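Trainee: Got a predicted model here, sequence first, then my questions.
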Amino acid sequence: QKEVEQDPGPLSVPEGAIVSLNCTYSNSAFQYFMWYRQYSRKGPELLMYTYSSGNKEDGRFTAQVDKSSKYISLFIRDSQPSDSATYLCAMTGGAGTSGSRLTFGEGTQLTVNP
Amino acid sequence: GAVVSQHPSRVICKSGTSVKIECRSLDFQATTMFWYRQFPKKSLMLMATSNEGSKATYEQGVEKDKFLINHASLTLSTLTVTSAHPEDSSFYICSASGSRSYNEQFFGPGTRLTVL
């Protein structure tokens, strides 16, 4: 069983829709959670970084963490064609040490249609 | 946000030659840098972790003599693919963490290597 499970999609939605992306994990040592966006043939871009259960909002993006259920989500409101990309969840045990190794999900490919 | 650059962005080389890829953190000190490989429509595969001034730690199955990593300063790490072969063709991405935030990794734009 993989440590991090993410539905690979692909996911196709109309412009303006609310998008929900999800990851589950099995390792309770994971304490820091990230969402990256990766456009085709580009490096991943950090979107959200959270370390506690609950919600964190940044513009149209909301990251949600439920450590008791080992489940994290990324919500995108009012989705735009420019949001079309692959979204990767990532997590680490961290504990403040430098250079914490990330464990990634497989990535979900999202297409927002105009 | 933290900026990480990679050079070159794309390289085509002949089989048997060596290729060096540079990764630089432009606005923070990167105590740790990571090198990943990514195949089409796949997630990132960690190849190695390097701490400034130390030898790199390679993931299982990654040949350290094939993929030479140097992290000589807090802003620069290099990956050299030695005696490249067509099967080494891939998208190579570096990331860095350090003084900006130790648990976050900031990624470079990637280098596409094609070995003929």
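Mentor: Alright, I've got the coordinates. Residues are numbered from 1 along each chain as shown, chains lettered A, B, ... in the order given.

Trainee: How about the contacts made by the closest residue to B:Phe107 other than its chain neighbours?
Mentor: Ranked by C-beta to C-beta, 6 or more residues apart in numbering or on different chains and with sequence neighbours excluded, the top spatial neighbour of B:Phe107 is A:Gly43, at 4.0 Å. Using the backbone N, CA and C atoms, a C-beta is placed for each residue, glycine as well. By C-beta atoms under 8 Å, 6 or more residues apart in numbering or on different chains, A:Gly43 lies in contact with B:4, B:6, B:93, B:95, B:107-110.

Trainee: go on, B:Ile93?
Mentor: Contacts of B:Ile93 (C-beta under 8 Å, 6+ apart): A:43-44, B:6, B:35-38, B:44, B:107-111.

Trainee: go again using 7 Å as the cut-off
Mentor: Listed by C-beta atoms under 7 Å, 6 or more residues apart in numbering or on different chains, the contact set of B:Ile93 reads A:43, B:36, B:38, B:44, B:107-108, B:110.

Trainee: and if you look at B:Ser90?
Mentor: B:37-39, B:113.

Trainee: And the contacts of stretch B:12-19?
Mentor: B:11, B:80-86, B:113-116.

Trainee: Give the buried residues for that stretch.
Mentor: Using 16 or more other C-beta atoms under 10 Å in any protein chain shown as the test for burial, stretch B:12-19 gives B:13, B:19.

Trainee: got it, and stretch B:18-28?
Mentor: By neighbour count, with 16+ other C-beta under 10 Å as the criterion, the buried positions of stretch B:18-28 are B:19, B:21-25, B:28.
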